[in-house]
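Novice: The following comprises the amino acid sequence and a computationally predicted model.
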Amino acid sequence: MYQPDLWLSANHVSTRSAKIMGLGTVVEDCATVTEMLDKANLSNLQVEKRPLVNREGFIHPNTYEMTYVNSDNARVAFPDATVGNKYYPTQVEENLRIADGIMALGGKPESVVSIKNGVKYFASFKLDESIKIGGVDQVNMRLIFASSHDGSIANVFKVIGHQVECANQINLLLKGRVGAYTVRHTANAQANLVEARRTLDITSDWITELETVANELADVPMTVDQFEVLSHKVYPEPKVTDDIPNKRSVSKWKNHVESLRDIFNGKGELGNTNTAIRGTAWTGFSTFVEDIDWYRNSKENKNSFARTQQALGYVGNTARNKTNILSIVQNFVDNEMPKQIPVS
């Protein structure tokens, strides 16, 4: 039976390995979408939109509230979920039907998560594919499906690399490769399989590109001093002028650069958790990812719902920031960093 209170509390854990999947319901033993949603109490919600009525009893024109049937068989509204008259509600079962095809082709269900009082929901699938950067830094691949009941997220799959050593999330907009894409939903089993195969083909292209880019960076030695120059390019020193006399910003910048240097050296505040590879351009890039995932985003609340969404790249600019940093690192390696002679 559906239990909406599960949306208001979650199993927040502090270990890095469970940063993303520490929220929601583990569904590893499920073989179908129906089993997954039943276990996560997200099935048979009978989602509908109803005219929005204010406290005085007036109906808001062209504004509707999204509703569901709770465990007491009463129809109630999702908190803070309103839509326009053109919005067409769909059921969780419909939106996730493609997952049957994903599982038939080798995707293994991991977790189902709902957040923002149930308005948004996610499903995670571990893929058989993984890569090893520099032969040692293992990156496992997963597909994250996301959707919503208020139109804030379409039916979207996002492929994410999960660094085993440090639990950093490699979600990038790689050149010429699609990392996030909208999927169709259909009740036809054969069509679901076709759509799933298309999804996995797109994912495979992204993984291949990531492996190429990452190993190119792993082949380039980088010293601590070179990394510090690079960190100044990623995060330029704030200008202090008569018009902008904020000297505190320079102090914060210096502390940030020093923190990045410590992470690069494997001596960060959170310990030696950056990557299995040391002293390369890939180490440099991973340092910035580490900083974003574990030092800068909600540092005081590492297990918040917001942090989970940020790491998945569904809210905020996390994925775009990491992509921009990758471009800066690649340009630095190709055009600005003195050539290094590897020590054999």
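Specialist: Good, I have the coordinates.
Novice: and the residue nearest to Ser114 when sequence neighbours are not counted, what does it touch?
Specialist: For Ser114, ignoring the flanking residues on the chain, the nearest one in space by Cβ to Cβ, 6 or more residues apart in numbering is Tyr121 at 4.2 Å. To be clear about C-beta, it is placed using only N, CA and C from the backbone, and glycine gets the same treatment. In this structure, Tyr121 makes contact with Leu42, Val92, Val112, Val113, Ser114, Ile115, Ala146, Ser147, Ser148, judged by Cβ atoms under 8 Å, 6 or more residues apart in numbering.
Novice: and these as CSV, adding distance to Ala196?
Specialist: CSV is the format used below for the contacts of Tyr121 (distance: Cβ to Cβ, whole Å):
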residue, distance to Ala196
Leu42, 20
Val92, 18
Val112, 18
Val113, 21
Ser114, 23
Ile115, 25
Ala146, 16
Ser147, 16
Ser148, 21
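Novice: Quick check: of those, which lies closest to Gly106?
Specialist: Using Cβ to Cβ, Val112 comes nearest to Gly106 of the contacts of Tyr121, at 18.9 Å.
Novice: Tell me the secondary structure at the residue nearest to Ser114.
Specialist: Look at Tyr121: counting by DSSP: H, G, I helix; E, B strand; the rest coil, its state is strand.
Novice: Repeat that for Ser259.
Specialist: Judged by three-state DSSP, the three-state class of Ser259 is helix.
Novice: for Val112, same thing?
Specialist: Following three-state DSSP, Val112 is assigned to strand.
Novice: count of residues packed around it?
Specialist: By other Cβ atoms under 10 Å, the residues close to Val112 number 26.
Novice: Run through the bridge partners of it.
Specialist: Note on Val112: beta-bridge partners Thr25, Ala123, judged by DSSP bridges.
Novice: residues in contact with it?
Specialist: Gly24, Thr25, Val27, Met36, Leu37, Lys39, Ala40, Leu42, Tyr121, Phe122, Ala123, Ser124.
Novice: Can you tell me which of the residues you listed is nearest Asp262?
Specialist: Ser124 (31.4 Å).
Novice: how much space between the closest residue to that closest one other than its chain neighbours and Val27?
Specialist: Distances taken as Cβ to Cβ, 6+ apart place Glu110 nearest to Ser124, at 4.2 Å, with adjacent residues excluded. For Glu110, the distance to Val27 equals 7 Å [Cβ to Cβ, to the nearest Å].
Novice: Please, where are all the strands along the protein?
Specialist: Using DSSP state E, the strands of the chain run over residues 25-26, 48-53, 59-69, 75-83, 108-115, 120-133, 137-148, 156-163, 169-170, 180-182.
Novice: what mean pLDDT does the last one have?
Specialist: The pLDDT scores in strand 180-182 average 77.
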